[in-house]
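*Asks:* give me a model of this one.
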Amino acid sequence: MAVVGVGNMGRHHARNYAASDAAELRAVVDFDRARGEAMAELYGASYFETLLELLEDGPEIAAATVATPTSLHAETAGALMAAGIHVLVEKPLAATVDEAAELIKRAEEQQLTLAVGHVERFNPAVRELKRWIDGGRLGEVLSIIARRVGLFPPQIKDANVLTDLAVHDIDIFHHLLEAHMPDELHCNAGKAIAEDRYDFADVFLRYGQVACFLQVNWITPVKIRSLTVTGTEAYVELEYVTQRLEYYRARTVGEAQSFVELEALSAYEPELVEFSHVEPLAEELDQFLKAVRSEPANIVTGEEARRTMEVAAQIVEVAEERDSATR
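*Replies:* Here you go, the predicted model:
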């Protein structure tokens, strides 16, 4: 294995590969020599300043993670696949939908695994929720609300809040609903702090009768990663970071006759859903390694990631049209 880019996300890929019994981390590539050398020394790998150096003079590599800035995803993943190397590309797959399509085509032509790092798919709380939805325990799903907010990440220099954050939840909407593209799309986005990119957005997507609401921003002073699903038989709240899943059964209530009764109606306690907690990234990489070995695996494919990018691009287009109309 190799990891290209060991910054905020790539360093965790390196850590997991180094700890895996199914992989050997042989190389680390990063333009920041101090960072790259430190990571390589920590995990007993070789350091290379550029991908070209790795491909020309490095050890044999079967597969690699691409965790470079988004603008370099297509170039980096393309060069790796040209060398016959399977790749997992951190989300988003590429800077544009056309670049994503080209990577998918190249992987198909060379019969290589192309996986995309939509890590929330591998959160055990999401997997449990998906089982519940598929099993009908929520009844008919009516709405999904996602919040992904927090402070501005200094390492993000070439993406806006929609292409960097919203793609997580768009992918989850598609996954839970087994949908491809929304029937309706609306967006209110703006630049509250950043001057050159959207740093907040409120998005509405409709898939059939299911309404999906998404709030993303780099403004809120507290980090929130949550998802709620309302069905005809139950309501579920999911917290990504703590992997907490709470279940409220549907019930009938009478009209409150006093404030005490009103408080009691509002104090309905949820049931905590129990399941094993694991690091989502470790599970994602384990599935990628299985796919590389041609074993049955559950990865986020390039085509799934391309569709998510297409929705994000449409959202950006709607936001830009709204900006132009209000100027």
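*Asks:* tell me the helix or strand right after the lowest-mean-pLDDT helix or strand in the chain.
*Replies:* When each helix and strand of the chain is scored by mean pLDDT, DSSP states H and E, helix 259-266 comes last, with a mean of 69. Later in the chain than helix 259-266, the nearest helix or strand by DSSP states H and E is strand 271-272.
*Asks:* ok, residues contacting the longest helix along the chain?
*Replies:* In the chain, with assignment by DSSP state H, the single longest helix is helix 302-326. For helix 302-326, the surrounding residues in contact (C-beta atoms under 8 Å, 6 or more residues apart in numbering) are 89, 91-94, 96-97, 100-101, 103-104, 107, 114-116, 118, 160, 162-163, 166-167, 170-171, 174, 180-182, 185-189, 198, 201, 203, 205. Where C-beta positions appear, they are placed from N, C-alpha and C, glycine not excepted.
*Asks:* just the buried members of those residues?
*Replies:* When the contacts of helix 302-326 are checked for burial by 16 or more other C-beta atoms under 10 Å, the buried set is 89, 91-94, 96-97, 100-101, 103-104, 107, 114-116, 118, 160, 162-163, 166-167, 170-171, 174, 182, 185, 187, 189, 198, 201, 203, 205.
*Asks:* narrow those to those in strands?
*Replies:* Among these, the ones falling in strands (DSSP state E) are 89, 114-116, 185, 187, 189, 201, 203, 205.
*Asks:* who touches Gly84 in this structure?
*Replies:* Contact analysis of Gly84 by C-beta under 8 Å, 6+ apart lists 110, 112.
*Asks:* 10 Å - rerun?
*Replies:* Applying C-beta atoms under 10 Å, 6 or more residues apart in numbering, we find Gly84 in contact with 61-62, 110-112.
*Asks:* these: which two are farthest apart?
*Replies:* Across the contacts of Gly84, no pair lies farther apart than Ile61 and Gln111, at 17.0 Å, counting by C-beta to C-beta.
*Asks:* neighbour count for these two, which is higher?
*Replies:* Between Ile61 and Gln111, Ile61 has the larger neighbour count (other C-beta atoms under 10 Å), namely 18 against 8.
*Asks:* next one: the more buried one from Ala79, what distance?
*Replies:* As for Ile61, its distance to Ala79 is 12 Å (criterion: C-beta to C-beta, to the nearest Å).
*Asks:* swap in Arg11?
*Replies:* Taking C-beta to C-beta, one finds Arg11 at 21 Å from Ala79.
*Asks:* again with Phe288
*Replies:* Taking C-beta to C-beta, one finds Phe288 at 19 Å from Ala79.
*Asks:* wait, Asp199 sits on Phe152?
*Replies:* Yes. Contact criterion C-beta atoms under 10 Å: Asp199 and Phe152 qualify, at 6.6 Å.
*Asks:* those two: who's more crowded?
*Replies:* Just comparing Asp199 and Phe152: by other C-beta under 10 Å the higher neighbour count belongs to Asp199, 21 against 12.
*Asks:* so where is the chain shaky, pLDDT-wise?
*Replies:* Judged by pLDDT under 70, the chain has its weakly predicted residues at 154-158, 251-254, 257, 261-268, 327.
*Asks:* what's the domain layout of it?
*Replies:* Using automatic domain parsing, the domain parsing of the chain gives 2-117, 121-278+308-326.
*Asks:* put together CSV for these, with distance to Arg293 on each row.
*Replies:* Listed next are the domains of the chain as CSV, based on distance: least, C-beta to C-beta, whole Å:
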stretch, distance to Arg293
domain 2-117, 8
domain 121-278+308-326, 18
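*Asks:* hey, which of those is tucked in deepest?
*Replies:* Across the domains of the chain, the average number of neighbours (mean count of other C-beta atoms under 10 Å) peaks for domain 2-117, which reaches a mean of 20.
*Asks:* returning to that earlier point: which single one of the ones in strands among the buried ones among the contacts of helix 302-326 is nearest to Met1?
*Replies:* Nearest to Met1 among these: Ala115, at 13.0 Å, using C-beta to C-beta.
*Asks:* surely Glu56 forms part of a helix?
*Replies:* Yes. Judged by DSSP: H, G, I helix; E, B strand; the rest coil, Glu56 forms part of a helix.
*Asks:* need the contact list for it.
*Replies:* By C-beta under 10 Å, 6+ apart, the residues touching Glu56 are 48, 50, 83.
*Asks:* what residues are up against the closest residue to the second one other than its chain neighbours?
*Replies:* In this case it means Thr50. Nearest non-adjacent residue to Thr50, counting by C-beta to C-beta, 6 or more residues apart in numbering: Val29, 6.9 Å away. Going by C-beta under 10 Å, 6+ apart, Val29 touches 2-6, 10, 36, 40, 45-55, 58, 64, 66-68, 76.
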